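Peer 1: A predicted structure for the sequence below; I have some questions about it.
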Amino acid sequence: MNDRKDREVRTDRLGMPVQAENYTASRPPGWQGQLGGCGIASCISLKGGRIDGDRIARMLTIMEERENGLGAGYACYGLFPERRDQYCLQFFFDDEEGKQAVEDFLDGRLDILHDEKVFLRERSTISPPYPLVWRYFANVPHAREWRGTRDLGEEDYLVELVQHINERVPKAFCVSSGKDMAVFKGNGYSYEIADLYDLGRYSGTMWLSHSRFPTNSPAWWAGAHPLSLLDWGVCHNGEITSYGVNRKLVEMNGYKCTVLTDTEVVTYLWDLLVRRNGLPTEVAAFVMAPSTFQEISLLPPAERRLAEWLRITYKEAFLNGPFSIIVGRSQPDISLIALADRKKLRPMIAGLSPNEEVAYCASEESAIRIVEPDARTWAPGAGNPFIAVAGKGIVRRGTEPSFQGVSL
Amino acid sequence: MKDVCKPKGHAHECDCGKECLKVEGDRAVIDLSLSPAQPMHYTTLNCVMRKAMRRGCSSIELKGVMGQRYLASTASAPDLYIAVHGTPGNDLGAFLNGPTIEVFGNAQDMTGNTMNSGRIIVHGNAWDVTGLAARGGQILVKGDTGYRVGIHMKEFGGSRPTMVIGGTAKDYLGEYMAGGTILVLGLGGGAPVGRSLGAGMHGGRIFVRGTVGLEQLGPGAAIVPLSPDDEKEVRGLLGEFENAFGAEVPGEMSEYVKVAPSSSRPFSGYYDKTNV
Amino acid sequence: MSETPPTKRLDHRLPERFLPIVNYDLCRVCRRCVNDCSYQALEFRESKVVASGGCVACGRCIAICPANCIEIRPVPPQFAPHGNWSERSRRSILAQASSGGVLLSSCGADDEHPAIFDDLLLDAAQVTNPSIDPLREPVETVTYLGRRPGRLEVCDGKVMVREDDTPLIRMDMPLMFGHISLGSISYNAQQALFMAAKELNIVAGSGEGGLHPDFYQYADHICSEVASGRFGIKPEYLKEVAAVEIKIGQGAKPGHGGHLPGEKVTTMISETRMIPRGTDALSPYPHHDIYSIEDLAQLISVLKESTEYRLPVGVKIAAVHNVGAIASGIVRAGADFLTVDGFKGGTGAAPRVIRDHAGLPVEVAIAAVDRRLTQEGLRNRVTVCAGGGIRSSADMIKALALGADVVMVSTSAMVAMGCRVCQQCHRGLCSWGIATQRDDLTSRLDPNVAAARIVRLFRAWNEELKEVLGAMGIDAVESLVGNRDRLRYRGPNPKIAEVMNVKHIGEGWG
Ligand code: SF4
Ligand code: SF4
């Protein structure tokens, strides 16, 4: 038979075959986590305006050299103005069975107000199976009991539910669970994922995005970035060499590692340090990317004491090795945090539009320039967070002293 | 020589410059906005540039550059002038061997990686790892640079790389430095240099306009007074900076600090060679 | 950097390790041994040649003694016996307490880790298929190094061949010489390697020290190395050679940089490396433009742009625990070939603590890389080279069967030239003129003779390879590569067999 078509083999930019095996919600058997590099990009409207999805897609896509088609994703914040105060749980399901199992589990545990299918467009370049993507808007009921503990905080309760589903409920994975935000990710190049979800149909106050260059397949949709828990969304470039240590800390605090990547642990660390322990953002950033003891010894006494005790107390939260991360949250305000490791071994450029309405952070300057040709750009420092908050503007450029503005 | 102009292994093939390359006399203009593929892929752009070089062009003007990497890598014609409008991508002028590249905008990371000779003039900022392992030529940056700039620059014989940074540089400037000169002017305020300055340097010299604290020095680096020869060199570099950017730089030599290796063998005595 | 080492050494004298014994009945008192001993371990005193301490068992005196009257004796244990506190552990502590320094050594890890190669047995053909006589029937060992297309496109019934897309090097045997830089070895030694590579029609690594102008005549058989020190990288170093390899790591010192001490940076070395004479030549631990896999992709791409896609661009890594995933990433980053250097690989100088304690045996690494690349559908795109402690043709054959396309050898080539693996390379006093820059010593090595010896050795290995292939009923080496079915494991730890995907002895076809 002459016209027999060869089975379509997905190839990457260099024509290398990409493993056909493709997992959506369920974790691939034998999954040991994934190493790799990537590109990250983000933007935030400082006045609380809206930015449409095409813009972030253009930012990410220009850094095509940083990805190899094995995962990309976006997170949008300020996405559901009408449902701003409800939790949005967005799921990947392998099939209807997974959906049913989750709905059965949530029944009586959350007040589901509305649910809908998330638009997904078939793409010839992304091989099936595709997950069924579904979102639920929910309130947390007043009576909250989980495994015998009553009156858990709303958020702690939700964390328990989400982690239970991700760990125990087959064929289902909750990819985001925060208020006023959702995550769109999958297995493909940045532009494929943007097209798959038709990002142009969404607009929001803030976007995070990430494209992956893992060193190994299989491809797991749920394992792509951003990784998210509650309203935290994290995109991460680099490899945390202290993963085993950091993981111990989050596990001791009840987090369950299901994705088995360093980024997952980073997400939990933000939740632990900022939401649960109440550390100010810049202090949490210091914990993750602390100064050397020699530098600390040169600080004024009050700051030195704080810095030393942060290092002593949170030594398991120190993220060692090269990284640059972009972190988003919607509570209490939509905010963007960008942080590079303490030696700044991974690239990170910040930018501001000439009218000072939109701020950007990305791995490469070109990602900013392609959407904002006249942006003012600068490089946040090593271990020095850039923080922008919708409605407040740029709170920190990432060039200030470590504890500027922190009450001592 | 084989015609190897065809870009390979990716989906952005085009007919190499048919649309976007215009040559008049020995001047070439490459307008990326005319390329059928948007944004133009770097393999295509480099290929078009090589085509222009092969035709013996003495100047190439690139318009609308947006993140394309590896521009002019290993380009070797000493009289070639390349003007880049836009934002060139990483590794601009890697292994450069003669030409002059002038960037009207900011450059990204690893500009002038392992360059041999030639000049790279950036009318903006040039971020991390600029001038890595350069062993000749000159890099002039009007604005700021990032981390680990001028790592392992080295000199030999007549080849001696020089770099002038108009703004600031961050940590690990001149780490492993084995030769050449870096001058940081700190124009526009802010600390001119960061921490671990000249860590493990065993050759070369770093001049900083402004103050350098001892705690900023990396192991193996020391602050030493400027000699008359040093002052001459700084003045010469200031002149080149002023020529390139038309900017006035304060030339009061008492404002300059020199950082030099404390020894050419920073780690001698570090190892024990006993036959155990 | 640690504290400044104490200026005054607080020495405790250590017992000698070797003792040269001269048989005075036969000695003609020609004093050649005294003159040739670069370690000054022999002296002429009271009309006799006597030992003066510091013998390293380099064997030079034995080889040149016209009366054949010198013998080197290992000194028996000089410390009270102890099952845990070995002689070496005590010597190390005593030495470091004197110097405060980091213990340095050379060659490969010398602790008695048993080689897994020795636990593998080869298969042979009996009855069900015939063995082949390689002397009379063709048994092929031609090997290509570089990227392969994976499939050929068919357009309107015509099979399309696109040579330009996949530059390959054709070699006569599945062998390459590892990267040994000029600086770590002498001009004569490197020339011998290049001459032999040319004669054997294989590839030799340049090492990271640049390429001496005289050696461009062998460029067609040289793979130039781009290491973190970026020494001597000029356009011709990238463009005129057969292949370019990015060195990420070395098996003897994974994660460590390089350090050529200033006393070895002679005028010639300084010219080739393009650094001033007498300064230390330091190679940073990482490449400062590679902190991540996409940065590696970037360096691969810029080298491909620079060489206009005419040369294979490879990446060499030390075998480490995650080697499979790393290899897969390297291939996805665009490398045309990949070299894995095992735990026992050689070095001109490495901290002992890393040399002896970090990395992965090459046997396991090859199997892991081969398996992972196969799982990912990448194995037929890339050439896998592997080495690190290959001592014999048997090791080479087993490495091929475990999954290497090309086996990298370095120490064995040096031994062919005269090296006795005395592990003193880092001192720069090599009495054989190999790992030294001292003119009086390097002149002892005649590159023509050394090259001829290397050629003979590896021709013989290649014949032995053919003998084994023939015995297995295989008439082309590509049918051996990754053919783990033709290996069995007979060692103490079946788990090793399992991770290498090699059957245990006694296990048959099924
Ligand atoms: S030549 Fe070598 S073996 Fe002979 S005494 Fe000297 S060091 Fe020992
Ligand atoms: S090269 Fe020379 S110094 Fe090094 S091990 Fe061989 S004989 Fe000894």
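Peer 2: Now that the structure is in, tell me what you want to look at. Ligands and ions are numbered 1, 2, ... in the order given.
Peer 1: how would you label C:Ala399: helix, strand or coil?
Peer 2: Going by DSSP: H, G, I helix; E, B strand; the rest coil, the secondary structure assigned to C:Ala399 is helix.
Peer 1: what residues are up against it?
Peer 2: If you count contacts by Cβ atoms under 8 Å, 6 or more residues apart in numbering or on different chains, C:Ala399 has them with C:117, C:362-363, C:366, C:386-387, C:390, C:407. All C-beta atoms are positioned from the backbone trio N, CA, C, and that covers glycine.
Peer 1: With A:Glu316 instead?
Peer 2: Going by Cβ under 8 Å, 6+ apart, A:Glu316 touches A:245-246, A:248-249.
Peer 1: For whichever residue of the stretch 51-200 of chain B sits closest to chain A, grab the count of nearby residues.
Peer 2: Closest residue of the stretch 51-200 of chain B to chain A, Cβ to the nearest Cβ: B:Gly67 (2.7 Å). Counted with other Cβ atoms under 10 Å in any protein chain shown, the burial measure for B:Gly67 works out to 23 neighbours.
Peer 1: From B:Gly124, how far off is it?
Peer 2: 14 Å (Cβ to Cβ, to the nearest Å).
Peer 1: which residues does C:His504 form a beta bridge with?
Peer 2: Listed beta-bridge partners, C:His504: C:Tyr489 (assigned using DSSP bridges).
Peer 1: How much space separates it from C:Gly324?
Peer 2: Separation of C:His504 from C:Gly324 (Cβ to Cβ) stands at 22 Å.
Peer 1: Between the two, tell me which one has more neighbours.
Peer 2: Per other Cβ under 10 Å, whichever of C:His504 and C:Gly324 has more neighbours is C:Gly324, with 20 against 12.
Peer 1: Which positions in chain C make contact with ligand 1?
Peer 2: C:20, C:37, C:39, C:41-42, C:55-61, C:72, C:431 (Cβ under 6 Å from any ligand atom).
Peer 1: could you dump those to a markdown table with distance to A:Asp94?
Peer 2: Shown next, in a markdown table, are the residues of chain C next to ligand 1 (distance: Cβ to Cβ, whole Å):
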| residue | distance to A:Asp94 |
| --- | --- |
| C:Pro20 | 74 |
| C:Cys37 | 74 |
| C:Tyr39 | 69 |
| C:Ala41 | 72 |
| C:Leu42 | 77 |
| C:Cys55 | 70 |
| C:Val56 | 65 |
| C:Ala57 | 65 |
| C:Cys58 | 66 |
| C:Gly59 | 67 |
| C:Arg60 | 70 |
| C:Cys61 | 74 |
| C:Ile72 | 70 |
| C:Ser431 | 69 |
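Peer 1: and which of those is nearest B:Gly118?
Peer 2: C:Ser431 (45.1 Å; Cβ to Cβ).
Peer 1: Could you pull up the mean pLDDT of the helix ranked longest in chain A?
Peer 2: Ranked by residue count, the top helix of chain A under DSSP state H comes out as helix A:154-168. Helix A:154-168 shows a mean pLDDT of 91.
Peer 1: Tell me the buried residues in that helix?
Peer 2: For helix A:154-168, the neighbour count (16 or more other Cβ atoms under 10 Å in any protein chain shown) marks A:155-166 as buried.
Peer 1: what's in contact with that helix?
Peer 2: A:87, A:89, A:102, A:105-106, A:109-110, A:140, A:144, A:146-147, A:152, A:172-174, A:177, A:229-230, A:255-256, A:258, A:271, A:275-276.
Peer 1: hang on, A:His236 in a strand?
Peer 2: Yes. Judged by three-state DSSP, A:His236 forms part of a strand.
Peer 1: wait, it sits on A:Leu208?
Peer 2: No. Counting by Cβ atoms under 8 Å, A:His236 does not reach A:Leu208; the two are 10.5 Å apart.
Peer 1: More neighbours: those two, which one.
Peer 2: A:Leu208 (31 against 27).
Peer 1: Would you agree the more buried one is in contact with A:Tyr74?
Peer 2: Yes. Counting by Cβ under 8 Å, A:Tyr74 is a contact partner of A:Leu208 at 6.9 Å.
Peer 1: residues shared between the contacts of those two?
Peer 2: A:Pro226.
Peer 1: Which secondary structure state does the residue lying closest to C:Met195 once chain neighbours are set aside sit in?
Peer 2: Leaving aside its sequence neighbours, C:Met195 sits nearest to C:Ala451 (Cβ to Cβ, 6 or more residues apart in numbering or on different chains; 3.8 Å). What three-state DSSP gives for C:Ala451 is helix.
Peer 1: For C:Ala451, give me its contacts.
Peer 2: C:Ala451 neighbours (Cβ under 8 Å, 6+ apart): C:191-193, C:195-196, C:199.
Peer 1: Return the distance of it relative to C:Ala192.
Peer 2: Relative to C:Ala192, and taking Cβ to Cβ, C:Ala451 is found at 4 Å.
Peer 1: again with A:Ile337
Peer 2: Counting by Cβ to Cβ - A:Ile337 and C:Ala192 are separated by 59 Å.
Peer 1: And for C:Gln298?
Peer 2: For C:Gln298, the distance to C:Ala192 equals 36 Å [Cβ to Cβ].
Peer 1: contacting residues for B:Ser159?
Peer 2: B:116-117, B:135-136, C:274.
Peer 1: so what's residue 86 closest to, chain neighbours aside?
Peer 2: Let's take chain A. Per Cβ to Cβ, 6+ apart, closest to A:Gln86 is A:Phe137, 4.4 Å.
Peer 1: look at chain B instead
Peer 2: B:Val65 (3.4 Å).
Peer 1: again with C:Ile300
Peer 2: C:Gly334 (4.5 Å).
Peer 1: Let me know whether that neighbour touches C:Ala297 as I believe.
Peer 2: Yes. Between C:Gly334 and C:Ala297 there is a contact under Cβ under 8 Å: 5.8 Å.
Peer 1: count of neighbours near the residue nearest to C:Ile300?
Peer 2: 24.
Peer 1: residues touching the residue nearest to the spatial centre of chain A, list them.
Peer 2: In chain A, the residue lying closest to the centroid (Cα atoms, centre = their mean) is A:Val234, at 2.4 Å. A:Val234 makes contact with A:225-228, A:263, A:266-267, A:270, A:325-328, according to Cβ under 8 Å, 6+ apart.
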